[in-house]
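Peer 1: Okay, here's the prediction I keep looking at, along with the sequence it came from:
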Amino acid sequence: MLIKLTGGAVYDPASGIDGAKQDIYIQDGRIVNKPADDVQVDKEYNLKGKVVMSGAIDMHTHIGGGKGNIARTLLPEDHRADPVARTDITRSGCGHAMPSTFVTGYRYAEMGYTAGFEPAVLPVNARQAHMEMADIPILDKGGYVMLGSDDYLLRMLTAKKDQKAINDYVAWTMQAAKAIGVKVVNPGGISAFKFNQRKLDLDEQNSHYGVTPREILRVLATAVKELGVTHPLHVHGCNLGVPGNMNTTLDTIQGIGGLPMHLTHIQFHSYGTEGDFKFSSGAAQIAEAVNKNKNITIDVGQILFGQTVTASGDNMRQHANHKHASPNKWVTMDIECDAGCGVVPFKYKDKNFVNALQWAIGLETFLLVDDPWRIFLTTDHPNGAPFTSYPHLIRLLMDRSFRNDMLATIHPEAQKMTTLASITREYSLQEIAIMTRAGAAKLIGLQDRGGLSAGNWADITVYTDNADRQLMFEKPDYVFKDGELVVVDGKVIHTKWGTTHVVKPDFDSSVEKDLQKYFDRFLTMKLGNFKISDDEMTEDGRGSLTVHPLKGDVT
Amino acid sequence: MAEITEVPSPFCGIGTDDLTIQVDGVSLKVVENGCAVNSPAFEQAITDTCPRVDGKDVSLDVAVAKAAALLKNTNQPVIGGCATDVNGMRALLALADRSGAVVDNMNFTGARNNFLALQDSGWMNTTLAEVKNRCDLLLVVGIDLEGFSPRFFERYLWNEESMFLDDTGKREVIYLGKAPSGNASTSPDGQTALVFECVNEDLPDVVAVLRALVKGNPIRVDSVGGIAVGRTGSVPVATLLTSRDGGNAEDCREQSRPPSMAVADLQCIADKLKAASYSVVTWAAGALAYSQAELTVQTISEMVKDINDQNTRSSGLPLGGKEGDQTANQVCGWTTGYPARTRFSSGYPEYDPYLNDTNFLLGNGEADALVWVQAFNVNAVPPVTGLPTIVVGRSGMMFAKEPDVFIPVGTPGIDHAGHAYRMDNVVAIRLKKLRESGLPSTSDVLNAIEQAL
């Protein structure tokens, strides 16, 4: 079937097209060149006055894995306020802070998103992450596998194993866990918490291993680069949420020595200690460092006011933050000599000084970082806010008067501590398209996604241009996934299953000799039972794997 | 005849995956690393291979059509059992969503003790590899652990080496409530567990006093549930504090007992918990079979949090994971947001840990059909009811009353591959297919019924 999208204003940063009126043709799931004049168009959509972008990609969203399911189980009262009934074509479930898997897929698609990436896949919990994501309809998905507090890596570092050995282990883990990236969370800190350390600075040693976060970041960032993995090491740094942690973040940027590094939910790592409350914005200094260091990319982890739940691998910091739990219940876990997790419900309040300033810090960061190809729109769903708040966030970025109206309602002391009112920048549609589409696809290394030129998969979102950007981005006119129309007027009309994006970096198979011994001596499962097979991802007849090239591959 | 190694078990809950199983046609024999739980479960013979309707052999298609016909005009079907693998639960939830059924895992009444505590205040828990490598003190509350899990000690406590303990044999084991039924908890060099027995009904008091001692709160009784409290009365008053009942009482926080003092009282357990580097407190929600046992789970979990506020580490370890109970709750959790006692009769999921109980619904006449799904255990038969009954069960199941429809299915991890969660909820084990029995999987059957509706 040949589909023609006629006359829309196309925002396709991947091809440098910024609002030009263009027709787009779709055939067999992909975007194709204009066919010969005598080829019949089967279905035409008149998009005059509409805005056309590729499907949006959320490069950091907690949509699969054990901590998310703990968060769900913890909060029945949150689900009860947002029940989702089944229809002839969609499954029932629940929404709000941590939606059920099916509802996650529907609601992302209904906002024009066609892919989401789970950033904290514990190797030992990777099966669960993929099984949950396999039950998210419509979206493509993928995961970044978490390393850095796993005892195997820490033992290697203590034993001064060389970089090649580390690279083999990282590549092996990526393949075993079916990942497209590597993440590190509070490097070494999750392990340190198990040894009763309650904080771990960048140059502080893990009490058992004598290894510092700085060393862990260096070897992992080097491994990711040398393996040719496109997505840079994805870093949730030390001291999340601690006043003064902007210095840790600045040190982290300097300490990586020019290696590619992605700093995630940087808002939570951009705090100073000035002012009466000893809590201030470090956004300007952080943004300056990001602007200067081209090897650095960031996503923001914007907070928005209201009830949510925080779910993180960082059990050390989550344990420290449990006193802020609202409602007052929380979970932490130590996990399998591999990692950990902490789940703490939060209610961010605009009249709370700290929360109000966190809100402003996130927005300052968005507006002070110059290059939209190196900053990404996230709330660290659900940690800063549920993903369903993205249209509101986009309006805050695109509409200065709206932003200033909101600013006027937050805690007055927080208003005094932010430069937000003086920042005039408003994001353009093209910049939004970069952050949420072309830039994200480039950052993750997705081939044939995130663009609208011929050859790309036809993941396409069509909006009605509206000065109220929240209304515009809440309710796309059409969403196509792999060329199939899945959403009309902001409602799912058809469902399908997306693919799982992975990379398969090479490793020396002898890496399994030591791993086998380690598994037999210390772990609780056999090495052979640990590795996720391709079959497991596809045997239900719905899932598929898409393997993306490594840097240096000939495509 | 073939021999398959590194076979994972969905039966024992602790994720043993080192079994060697001999396969001769469709008969299995566990030849290495079996146990009293796993060996009979793997070796259970296939008897039925043919579905039945009203006791007569029929084809699978006929049985599926009959099941769909029975479900078609119901107002409130109940899907009980819910003992299967991840794909089985996926199909079960799809069928429930379609038919407006109640979904209720057969072990939920026990598991409820954990869910209510979790949903009220949360917990700090750990997993089996952390136990294996870190645990220096194991406190077992209200359960005969080796009866529950015969290989727990061998695999996770008396392992030859660990990463963080110089000598795993030096770990301490304390039983509170139930005494061990055998010697599995005795260390390789002969150190026996400390045992403090009490009846189940006294556990709430005993655990509450233990938590109070951990916190350094004053206790004014000499014994609780027949167990000595310790230190009471015989120690000097340190400071005066306002106690819970508003009176004045001793505060013993300033005092320390010499660690070598092996006194058989609750104070001794409290001292050991605070002195340990990584204590682990384990319980089985289903074994706490008394009213409002969720408060006992909550007290245990809050005590673990308290220990973590006293400059050391401690973790909880809830036992479970047998016959798909964690699997049911996990899959129901991501599909609906709620654990596996959830109804779909309003068109969307509604969780109620009491009212959605299969037995309750059958007993008070709210249900009008029963679907029983049990792919693991031939002895876990459905409750007897006069309602139309469809059983999707493990081959070999015997019924007091023949169900309207019986469809024998394969067992995950024997007849087909699949996934099951072990007790610590983080690890989904990859189950293997061991033989070619021709039996359909739970998901094959339930998907077919859903399609036929």
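Peer 2: On my side now, so go ahead.
Peer 1: Around chain A, which positions in the stretch 1-150 of chain B sit nearby?
Peer 2: Contacts of the stretch 1-150 of chain B with chain A, taken as CB under 8 Å from any CB of the partner chain, map to B:6, B:8, B:15, B:17-18, B:86-87, B:90, B:94, B:97-98, B:115, B:118-130, B:132-134. For glycine as for every other residue, the C-beta is placed from the backbone atoms N, C-alpha and C.
Peer 1: Leaving out sequence neighbours, find the closest residue to whichever residue of the stretch 151-300 of chain A sits closest to chain B.
Peer 2: Residue of the stretch 151-300 of chain A nearest chain B, by CB to the nearest CB: A:Asn196 (5.0 Å). Of all residues not flanking A:Asn196 in the chain, B:Arg313 sits nearest, at 5.0 Å (CB to CB, 6 or more residues apart in numbering or on different chains).
Peer 1: Who are the contact partners of the one you found?
Peer 2: By CB atoms under 8 Å, 6 or more residues apart in numbering or on different chains, the contact set of B:Arg313 is A:Phe193, A:Lys194, A:Phe195, A:Asn196, B:Ser277, B:Tyr278, B:Ser279, B:Ile307.
Peer 1: Just the buried subset of these, please.
Peer 2: Buried members of those, scored by 16 or more other CB atoms under 10 Å in any protein chain shown, are A:Phe193, A:Lys194, B:Ser277, B:Tyr278, B:Ser279, B:Ile307.
Peer 1: Does the residue of the stretch 151-300 of chain A closest to chain B touch B:Ser279 like I think?
Peer 2: No. Look at A:Asn196 against B:Ser279 with CB atoms under 8 Å: they stay out of range, at 11.7 Å.
Peer 1: between these two, what contacts are shared?
Peer 2: Shared contacts of A:Asn196 and B:Ser279 (CB under 8 Å, 6+ apart): B:Thr312, B:Arg313.
Peer 1: Can you tell me the SS state at A:Asn355?
Peer 2: helix (DSSP: H, G, I helix; E, B strand; the rest coil).
Peer 1: ok, now how distant is it from A:Ala283?
Peer 2: 15 Å (CB to CB, to the nearest Å).
Peer 1: Next, B:Thr5: phi, psi?
Peer 2: phi -110, psi 170 (degrees, to the nearest 10).
Peer 1: Name all residues that make contact with it.
Peer 2: Contacts of B:Thr5 (CB under 8 Å, 6+ apart): B:Asp18, B:Thr20, B:Glu32.
Peer 1: same thing but at 7 Å, please
Peer 2: Residues in contact with B:Thr5 (CB atoms under 7 Å, 6 or more residues apart in numbering or on different chains) are B:Thr20.
Peer 1: Which pLDDT value goes with it?
Peer 2: Looking at B:Thr5, its pLDDT is 98.
Peer 1: Quick check: the gap between A:Pro83 and chain B.
Peer 2: 4 Å (CB to the nearest CB, to the nearest Å).
Peer 1: gap between the two ends of stretch A:447-465?
Peer 2: Start and end residues of stretch A:447-465 are separated by 29 Å (CA to CA, to the nearest Å).
Peer 1: So which bits of that stretch are buried?
Peer 2: A:447, A:449-452, A:456-463.
Peer 1: B:Leu210 is in contact with B:Ile269, isn't it?
Peer 2: Yes. With contact defined as CB atoms under 7 Å, B:Leu210 counts as touching B:Ile269 (6.0 Å).
Peer 1: Now find how far off-centre stretch B:200-209 is within its chain.
Peer 2: 21 Å (CA atoms, centre = their mean, to the nearest Å).
Peer 1: Fine by me, we can end here.
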